[in-house]
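Trainee: I need the structure of the sequence given here:
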Amino acid sequence: MKINETQTLTSDWGALSPHLIASFWEVDREGNKKQGSNTVVQAAVTDDASLEVTLNWQSPFEQAGPETKAPTLFAMLQSGLASDIFDKLGFDKQADSNSKATRLLQQFEGRTGITQLNSVQVFNGMPPAKIQMTLLFRAWRDPVSEVEIPFNQLMEWALPIELAKDSTLLTNAFEALKGSKDWIEAVLPSQAPTLLAFHYKGRTFAPMVIESISQPLTAPTSKDGKFVELSVPVTLATLAAIDRKYWQSIQKR
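Mentor: Okay, the predicted model is just below:
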């Protein structure tokens with residue numbers, strides 16, 4: 001492969017519309033293509049691929065009413081149960097339907113402390129957006145180049161680049177004090193998974209992380225045990241919560 005030449009790892013999709021094929025490549029935290037990385041993984045998207053954006057709107061003052069202080073008592077008052085109990089227990093031998101106590105209790109029926117003011121919703125943040133889909137890798141000619149290699153590359157991107165072995169903060173601190181290891185490596189000895197761009201139907205989401213990925217081990221294989229088809233459930237998430245500017249940039253990347 002020539003320098004700066006893109007290496008595309010994909011199956012042979014023939015005349016399938018490119019809009020039905022998802023592309024993945026490495027990016028930095030700004031969503032720009034990572035320097036020195038020229039690999040692109042492509043796969044067809046099957047089932048329903050959906051983008052989920054959860055917006056947390058809450059009514060923080062809903063719990064400020066008297067119902068929350070004595071919920072059982074006010075439930076009895078609002079439902080009319082309190083006046084019924086008062087009558088049946090015969091606390092007032094002179095009581096009738098016009099008694100002051102009965103009329104007072106009856107006034108609570110159907111009343112509530114919820115108002116438009118204390119039920120106003122306020123925006124209380126949001127988690128990163130998520131995309132769930134199923135990717136299809138399948139081979140027409142070569143299971144290794146069309147299925148095994150593209151899937152393995154995607155799995156490597158999903159996994160941590162490196163996890164430190166037999167290291168603790170205390171031992172790393174001693175090594176840093178001796179000068180055999182710098183403090184950044186001592187405090188954070190492992191390397192997190194890479195960030196990716198996800199391009200599908202003319203839209204590019206970046207940076208993204210792979211939250212989950214599955215390999216169906218019972219998928220069909222060739223006579224030498226190489227997978228000839230893989231349906232891979234994947235969950236992607238944006239690196240952070242998105243805003244209007246991010247949404248507008250999706251179409252422009």
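
Trainee: for the chain, where's the lowest mean pLDDT among helices and strands?
Mentor: Across the helices and strands of the chain, mean confidence by mean pLDDT, DSSP states H and E is lowest for helix 81-89: a mean of 55.

Trainee: For residue 225, what are phi and psi?
Mentor: Dihedral angles of residue 225 (phi, psi; degrees, to the nearest 10) stand at phi 90, psi 10.

Trainee: typed the wrong thing, it's residue 158
Mentor: Main-chain dihedrals, residue 158, degrees, to the nearest 10: phi -70, psi -30.

Trainee: Pretty sure it sits against residue 214.
Mentor: No - using Cβ atoms under 8 Å, residue 158 makes no contact with residue 214, being 10.5 Å away. All C-beta spots, glycine's among them, are computed from the backbone N, C-alpha and C.

Trainee: Mind checking which of those two has more residues around it?
Mentor: Taking neighbours as other Cβ atoms under 10 Å, residue 158 and residue 214 compare with residue 158 leading, 17 against 12.

Trainee: so who does the residue lying closest to the more buried one once chain neighbours are set aside touch?
Mentor: Nearest residue to residue 158, sequence neighbours excluded (Cβ to Cβ, 6 or more residues apart in numbering): residue 210, at 3.9 Å. Residue 210 makes contact with 154, 157, 158, 193, 196, 234, 235, 236, according to Cβ atoms under 8 Å, 6 or more residues apart in numbering.

Trainee: what do you get for residue 54?
Mentor: Residues in contact with residue 54 (Cβ under 8 Å, 6+ apart) are 126, 127, 129.

Trainee: Neighbours of the first one, how many?
Mentor: Which is residue 126. For residue 126, the neighbour count with other Cβ under 10 Å is 15.

Trainee: Pull up the gap between it and residue 232, please.
Mentor: Separation of residue 126 from residue 232 (Cβ to Cβ, to the nearest Å): 27 Å.
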